[in-house]
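Enquirer: No letters, just coordinates:
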């Protein structure tokens with residue numbers, strides 16, 4: 001599958017909300033002892049504009065790791081294709097051994113998701129969706145698999161254009 005070129009989105013024009021998904025304490029063993037640092041996985045998104053992104057920041061203190069994660073996430077924003085209140089079709093996203101299944105849901109269902117998937121779906125502004133996280137529970141792989149799944153969503157116009165048929169025949 002060929003990589004799809006993602007158009008750069010300007011974060012200054014958006015009302016971004018950030019959410020920390022996980023913070024991990026990491027140590028590096030060196031000659032003099034252990035060097036302690038923190039790694040933060042952050043999801044940012046604008047629910048009104050249907051834009052979402054994620055980033056990882058590493059630093060000696062937690063607040064600066066979160067700040068770095070937010071800056072990395074702002075460089076990684078992407079637009080999501082949605083219907084009015086849900087996703088247009090079922091998708092399966094995979095990253096590493098993390099699998100995330102996203103299914104459309106009727107009005108009033110809400111977000112049925114756990115942890116990292118919920119953070120991404122809420123940041124993207126999807127009010128009704130059913131999800132299932134299969135495989136690994138590693139938050140990094142689950143967030144990346146969710147972003148891959150959301151990137152696979154296509155609207156009717158794009159599918160009709162890709163197939164080379166008019167929209168009325170869809």
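Expert: Perfect, thanks for sending it. On a predicted model such as this, the values are computed, not experimentally measured, just so you know. Numbering: from 1, shown residues only.
Enquirer: how deep is the residue lying closest to residue 160 once chain neighbours are set aside tucked in, by neighbour count?
Expert: Once flanking residues are discounted, residue 160 sits nearest to residue 167: 4.7 Å by C-beta to C-beta, 6 or more residues apart in numbering. C-beta coordinates here come from the backbone N, C-alpha and C atoms, glycine included. Applying other C-beta atoms under 10 Å, we find 10 residues neighbouring residue 167.
Enquirer: for residue 120, same thing?
Expert: Neighbour tally, residue 120, other C-beta under 10 Å: 30.
Enquirer: Could you double-check that it sits in contact with residue 144?
Expert: No. Counting by C-beta atoms under 8 Å, residue 120 stays clear of residue 144, with 9.5 Å between them.
Enquirer: Need the overlap of contacts for the two.
Expert: residue 54 (C-beta atoms under 8 Å, 6 or more residues apart in numbering).
Enquirer: now for the helix or strand containing residue 37, which elements pack on it?
Expert: Residue 37 belongs to strand 33-46 when assigned by DSSP states H and E. Where contact means 3 or more C-beta pairs under 8 Å, 6 or more residues apart in numbering; DSSP states H and E, strand 33-46 is packed against strand 17-30, strand 51-59, helix 62-74, helix 115-124, helix 139-151.
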